[in-house]
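Participant: Please find the sequence and the predicted model below.
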Amino acid sequence: MNLPVILILAGAVLAFGLLVVLLGGPSAGKAKTRRLAMVKDRHAASTEAVVAAQMRKTIQSVGGTTTLTSLMPRREEMEKRLRRTGKGWTLSQYMFASMGLFVVVTGGMLAMRAPLVMAGLIGLLLSLGLPYLVVGRAIKKRVAKFNTRFPDAIDLLVRGLRSGLPVTETFQIVSQELPGPVGEEFKGVIERIRIGNTMEAALQESAVMLGTPEFQFFCITIQIQRETGGNLAETLSNLSDVLRKRAQMKLKIRAMSSEAKASAYIVGALPFFVFGVVWSMNPTYLAGFFTEQRLIVTGIGGLIWMSIGAGIMAKMISFEI
């Protein structure tokens, strides 16, 4: 059995194991044991039991940091990105998925008799870029869903305030009535307020997690009203109208720039498409790009210039509202 077949089999086994880990979910038995321990600690009367519970929590928090994830640079930023997806993904799952993708892609390229350097570069590029793009797409999708329903949440807040309810009660109503990211974020705000955080701090934490100007406008409106007073219902009603007009303007800009985006995608993908077609027809014709030093430098320079051009086109079709 040759090396490419061994790599393919190893990649298939690793991919199957990753699917089991990613889709299997948490263990019900371990969750039950943790809940029983928490109940026991909550009702412990002696000082020794309290100290033991605190030590157990400390050990669990330290032990939860694996050596693999601690080696990752900017770990806090990556964990924040994973939390923003709302999927419950962990950093360990993300890293194992990246490594499994590298093994599968590299083994597949070697099985197709690709050069080792080419297989390694493509495997490294996909293993680093594809999971990052998937996480970014999940964040973008969740934020888009939040922005779509957020004006409805503000309207619900306005109706609650005009009926005489306090602000925290209207937050509770929004968390119960609106499903999806809007309800989840307002539920998190309510939970943080209940454990002792101020309303401004609870809202600001959600604003940092979402990273959207729309929710930041809402936080600033609440903070200014609590400091200076005034009719909060009227202010939020005006904010809802502004956010709806902002969303309409974004849709108009998206429609007007769709042709330029399509052209940019075609121009950017054409060299890679031609390279793949020529490689499939005559691999020896392009083999020098992975063996000869001058062609390697030329290829890297071409990729750099294409990246610069793609960045310029992205800036040209990006508009701030």
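Facilitator: Okay, I see it.
Participant: so who does the closest residue to N147 other than its chain neighbours touch?
Facilitator: When the adjacent residues along the chain are set aside, N147 lies closest to E214, with 5.5 Å between them (CB to CB, 6 or more residues apart in numbering). Glycine gets a C-beta too; all of them are placed from N, C-alpha and C. Listed by CB atoms under 8 Å, 6 or more residues apart in numbering, the contact set of E214 reads 147, 150, 243, 246.
Participant: Could you rerun that using 6 Å?
Facilitator: Contact partners of E214, counting by CB atoms under 6 Å, 6 or more residues apart in numbering, are 147, 150, 243.
Participant: Give the next helix or strand downstream of the helix or strand hosting the last one.
Facilitator: Taking DSSP states H and E as the criterion, L243 maps to helix 232-256. Remark: after helix 232-256, the chain's next helix or strand is helix 258-281, criterion DSSP H and E.
Participant: who's in contact with the helix or strand following that next one?
Facilitator: On the C-terminal side of helix 258-281, the closest following helix or strand by DSSP H and E is helix 283-286. Judged by CB under 6 Å, 6+ apart, the contacts made with helix 283-286 from elsewhere in the structure are 278-279.
Participant: same thing but 8 Å
Facilitator: Under the criterion CB under 8 Å, 6+ apart, residues 113, 275, 278-279 lie in contact with helix 283-286.
Participant: What of stretch 196-203?
Facilitator: 167-168, 188-189, 192-193, 205, 218-219, 222-223, 226.
Participant: What remains of those residues if I keep only buried residues?
Facilitator: Buried members of these, counted by 16 or more other CB atoms under 10 Å: 167, 189, 192-193, 205, 218-219, 222.
Participant: M78: which of those residues is nearest?
Facilitator: When the buried ones among the contacts of stretch 196-203 are compared for distance to M78 (CB to CB), E205 comes out closest, at 18.5 Å.
Participant: Tabulate the contacts of E214 (JSON lines), appending distance to M118, pLDDT and neighbour count.
Facilitator: Written out in JSON lines, the entries for the contacts of E214 read as follows (distance: CB to CB, whole Å; pLDDT from 0 to 100; neighbours: other CB atoms under 10 Å):
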{"residue": "N147", "distance to M118": "42", "pLDDT": "88", "neighbour count": "20"}
{"residue": "F150", "distance to M118": "46", "pLDDT": "90", "neighbour count": "26"}
{"residue": "L243", "distance to M118": "49", "pLDDT": "87", "neighbour count": "19"}
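Participant: for the residues you listed, which one is nearest F289?
Facilitator: Comparing the contacts of E214 against F289 with CB to CB picks out N147 as the nearest, at 43.9 Å.
Participant: can you list the domains in this protein?
Facilitator: Following automatic domain parsing, the chain resolves into domains at 3-114, 142-251, 257-316.
Participant: Can you give me the end-to-end span of the second one?
Facilitator: Right, domain 142-251. Criterion CA to CA, to the nearest Å; first-to-last residue distance in domain 142-251 is 17 Å.
Participant: Ok, the shortest one next?
Facilitator: This stretch, domain 257-316, spans 10 Å end to end (CA to CA).
Participant: so where's the stretch 101-250 of the chain shaky on pLDDT?
Facilitator: Regions of the stretch 101-250 of the chain meeting the criterion pLDDT under 70 are absent.
Participant: Do a quick rundown of the strands in it.
Facilitator: Along the stretch 101-250 of the chain, no segments are classed as strands by DSSP state E, counting those that start in this stretch.
Participant: now whichever helix in the chain runs longest against helix 232-256, angle please.
Facilitator: When the chain is scanned for its longest helix (criterion: DSSP state H), the result is helix 116-162. What separates the directions of helix 116-162 and helix 232-256 is an angle of 150 degrees, with axes from the mean of the first three to the mean of the last three CA atoms, to 10 degrees.
Participant: Show me how far helix 116-162 is from its chain's centre.
Facilitator: Centroid displacement of helix 116-162 relative to its chain, using CA atoms, centre = their mean, to the nearest Å, is 5 Å.
Participant: Okay, angle between it and helix 258-281 too, please.
Facilitator: Helix 116-162 runs at 160 degrees relative to helix 258-281, counting by the same axes, to 10 degrees.
Participant: now stretch 218-237, how far from the centre of its chain.
Facilitator: For stretch 218-237, the distance from its own C-alpha centre to the chain's C-alpha centre is 31 Å (CA atoms, centre = their mean).
Participant: And stretch 200-213, by the same measure?
Facilitator: Here stretch 200-213 shows a centroid-to-chain-centroid distance of 16 Å under the convention CA atoms, centre = their mean.
Participant: Format the contacts of E214 as TSV; extra columns: distance to R75.
Facilitator: Written out in TSV, the entries for the contacts of E214 read as follows (distance: CB to CB, whole Å):
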residue	distance to R75
N147	28
F150	30
L243	34
